[in-house]
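> my questions concern the predicted model and sequence given below.
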Amino acid sequence: MAEKELQKEVIDYLRSKGIFCFSINPPDKRRMTYGTRYFLPDIYCLRNGVSVFIELKAKEYKKAHADRQERQLEVRKEIIQNGGLAFLITSLDELKEII
């Protein structure tokens with residue numbers, strides 16, 4: 001399943017459970033403002049007062065972008081250090097185990 005399809009499945013599922021969520025669009029380099037963050041996870045949720053960030057990867061995702069993945073991991077660690085939750089999932093079933 002492509003990442004875009006997984007994103008739709010995940011958001012539809014979260015909303016069906018009454019969880020506030022939205023996709024985080026990648027920053028447009030032409031319209032960057034001070035404070036713009038790169039490498040944020042794909043989806044943000046607010047559940048029971050806790051910020052939850054979800055990074056999506058297609059099951060067959062390639063490891064060709066190791067630098068990008070390392071930076072995404074650093075951002076997830078920063079989120080956790082600041083009291084949020086951050087997960088990487090490759091399927092809706094993985095999300096269901098977490099939520």
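Thanks, I have the structure now. If you're wondering where the values come from, they're calculated on a predicted model, not measured in any experiment. Residues are numbered from 1 along each chain as shown.
> give me the neighbour count for Ile99.
Residues lying near Ile99 (other Cβ atoms under 10 Å) number 15. C-beta: built from backbone N, CA, C; applies to glycine.
> confirm for me that it is in contact with Lys17.
Yes: contact criterion Cβ atoms under 8 Å: Ile99 and Lys17 qualify, at 7.1 Å.
> with just CA atoms, put the helix or strand of the chain with the lowest mean pLDDT into CSV.
Sorted by mean pLDDT, DSSP states H and E, the helices and strands of the chain end with helix 66-81, the least confident at a mean of 90. In CSV, the C-alpha atoms belonging to helix 66-81 read as follows (Å, rounded to 0.1, in the frame of the first residue of the first chain):
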residue,chain,number,x,y,z
ALA,A,66,18.9,7.1,5.2
ASP,A,67,19.8,10.7,6.1
ARG,A,68,16.2,11.8,5.9
GLN,A,69,15.1,8.8,8.1
GLU,A,70,17.8,9.6,10.6
ARG,A,71,16.5,13.2,10.9
GLN,A,72,12.9,11.9,11.2
LEU,A,73,14.1,9.7,14.1
GLU,A,74,15.8,12.6,15.8
VAL,A,75,12.5,14.6,15.6
ARG,A,76,10.5,11.7,17.1
LYS,A,77,13.0,11.5,19.9
GLU,A,78,12.7,15.2,20.5
ILE,A,79,8.9,14.9,20.6
ILE,A,80,9.1,12.1,23.2
GLN,A,81,11.7,14.1,25.3
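> quick check: neighbours of the helix or strand just after that helix in the sheet, parallel or antiparallel?
Where DSSP states H and E defines the elements, the next helix or strand beyond helix 66-81 is strand 85-89. In the sheet, strand 85-89 lines up against strand 50-56 (parallel) (DSSP bridges).
> what angle sits between the partner strand and helix 66-81?
For strand 50-56 against helix 66-81, the angle by axes from the mean of the first three to the mean of the last three Cα atoms, to 10 degrees is 170 degrees.
> correct me, but Ile43 touches Ile19?
No: the pair Ile43 and Ile19 fails to qualify as a contact (Cβ under 8 Å) at a distance of 10.3 Å.
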